[in-house]
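Trainee: what follows is a predicted structure for the sequence shown.
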There are 2 protein chains.
Amino acid sequence: MKYDPQKKLNRNTQRTLKAFSEAMFGLLGEKNFEKITVNELCARCDYPRATFYNYFDDKYDLVSYCWYQLGKDAHLDAAQTLPTNESLLAVFDEVYRLFTEHHDLLNRVVEHNPIDGLLINDFIHHFNQVMTQLFANGLSNHQTKTPIELMAQYYSNTVLLVLKWVFLAQHNVTLDTARSYLTELLTKPFLSDANN
Amino acid sequence: MKYDPQKKLNRNTQRTLKAFSEAMFGLLGEKNFEKITVNELCARCDYPRATFYNYFDDKYDLVSYCWYQLGKDAHLDAAQTLPTNESLLAVFDEVYRLFTEHHDLLNRVVEHNPIDGLLINDFIHHFNQVMTQLFANGLSNHQTKTPIELMAQYYSNTVLLVLKWVFLAQHNVTLDTARSYLTELLTKPFLSDANN
DNA sequence: TCAAAATTTAGACACTTGTAAAACCACAAA
DNA sequence: TTTGTGGTTTTACAAGTGTCTAAATTTTGA
């Protein structure tokens, strides 16, 4: 991104960013991301090519701005109070809520894009970044042999693994079931040798 | 891949595949993957463009063939005997060994490619696929509330998280330390509320 | 209200991509 | 030796990418 979305932007800039991200969201629901061209995006929102490159480096840049937009109204303050079961699950719940809110967008995206393709990877990766950061802060005064950064990545990874399973791999289980999966994964005390 | 590397290939085909993958390995150590063009690959191994497209769909296709080549001499049979601590760690050890074997290639790659960029994601993803498959087989007669496929993904994810930390994020800790991280992550019985 | 400053747009450019048709080659069977 | 077949290579092409310059337009501040 050439513009920092955190910063105050003038009305014109906001309008342009919105137009492009809406064009992208629209097209994502219609066809494979790889097949989407910059020309197409520009045609859809009726801006010249040069304007696109004025705001974004390329379509990857735009799509990551889209994920930012999509994620920015999640309230993940619970992560600040890590480490507790409750706060971890609270974060999980909130992202579950967010993904539910955009359920039909996600469904349409999954229809046209492979689950392990670049686009969905990128989507997951975006939230992974955000959550890892949050968890790392929350864990900052926690002490373990394992580095905090690694722990944060682990928790974020695992939370998103379950959410990907539910919303992108479309197993569409209830929040309670999803929670029970997450809890089992995180608490399962390693594979027992006496098992089976 | 237009050719199945499992199948027997005639000498010519093998030579061509090898030439292209070596060209790719070479260039990966020299510059960012995004900047590598098909023309460049062809120039390096002195094959015409059309030949490239004869064998691969695009450079992503080639690079995934490269990862396949790199990974194919890992002996991961231990995964068949899941679920036990030992077999999981045995798999971990073996991939650790494999990555150590290619330590300088990985270092060079990391020098030119962002840790969270497309290339390294793809690299991790390749091994994730392979390991998830193995674990899913190993777990097939194991019963839990959580779906087996999800469990397999969880173990594979976590193993690779640590390996990525060590080899790609270049914290370069010893096998023993790496093992202890993995064990702590997998056994840590959730975040305790009484903590800190 | 006007001129300077900044931003947006048009058009062109060099380059890459992936595909397709036709020429070319090697090697086997007749 | 001839002929056919399969694969490789040449060449050409349509389309997309990202960059650049200059012109047009908008914004800003005096």
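Mentor: That came through fine.

Trainee: now do the same contact list for residue A:44.
Mentor: Contacts for residue A:44 (CB atoms under 8 Å, 6 or more residues apart in numbering or on different chains) come out as A:23, A:26-27. All C-beta atoms are positioned from the backbone trio N, CA, C, and that covers glycine.

Trainee: actually residue A:42, not the one I typed
Mentor: Each residue near residue A:42 by CB under 8 Å, 6+ apart is listed here: A:48-49, A:51-52.

Trainee: how many residues are close by residue A:132?
Mentor: Residues lying near residue A:132 (other CB atoms under 10 Å in any protein chain shown) number 20.

Trainee: and if you look at residue A:103?
Mentor: By the criterion of other CB under 10 Å, residue A:103 has 11 neighbours.

Trainee: that one against residue A:170, yeah?
Mentor: No: counting by CB atoms under 8 Å, residue A:103 does not reach residue A:170; the two are 10.1 Å apart.

Trainee: look up how far residue B:153 lies from residue A:166.
Mentor: Counting by CB to CB, to the nearest Å, the gap from residue A:166 to residue B:153 is 13 Å.

Trainee: quick one: which of those two has more around it?
Mentor: Between residue A:166 and residue B:153, counted using other CB under 10 Å, residue B:153 has the larger neighbour count: 24 against 21.

Trainee: helix or strand: which one has residue A:7?
Mentor: Here residue A:7 sits in a region with no helix or strand, counting by DSSP states H and E.

Trainee: one more: the one 10 residues further on?
Mentor: Using DSSP H and E, the secondary-structure element containing residue A:17 is helix A:11-28.

Trainee: picking that back up, which of the contacts of residue A:44 are buried?
Mentor: A:23, A:27 (16 or more other CB atoms under 10 Å in any protein chain shown).

Trainee: list the buried residues for stretch A:151-160?
Mentor: Within stretch A:151-160, the residues scored as buried using 16+ other CB under 10 Å are A:151-160.

Trainee: can you list the residues of chain A near DNA strand C?
Mentor: Within chain A, the positions near DNA strand C by CB under 7 Å from any atom of the strand are A:12-13, A:16, A:47-51, A:54.

Trainee: count of neighbours near residue A:123?
Mentor: By other CB under 10 Å, the residues close to residue A:123 number 23.

Trainee: give the contact list for it.
Mentor: A:67, A:109, A:168.

Trainee: switch the cut-off to 6 Å
Mentor: residue A:67 (CB atoms under 6 Å, 6 or more residues apart in numbering or on different chains).

Trainee: which residue ranges make up each domain of chain A?
Mentor: Domains of chain A are assigned by automatic domain parsing as A:11-70, A:73-187.

Trainee: the shortest one and DNA strand D, are they touching?
Mentor: Yes: using CB under 7 Å from any atom of the strand, domain A:11-70 reaches DNA strand D at A:12, A:37-40, A:49-50, A:53, A:57-59.

Trainee: top of these by neighbour count?
Mentor: For the residues of domain A:11-70 next to DNA strand D, the largest neighbour count, defined by other CB under 10 Å, is 19 neighbours, found at residue A:59.

Trainee: that concludes my questions; thank you for your assistance.
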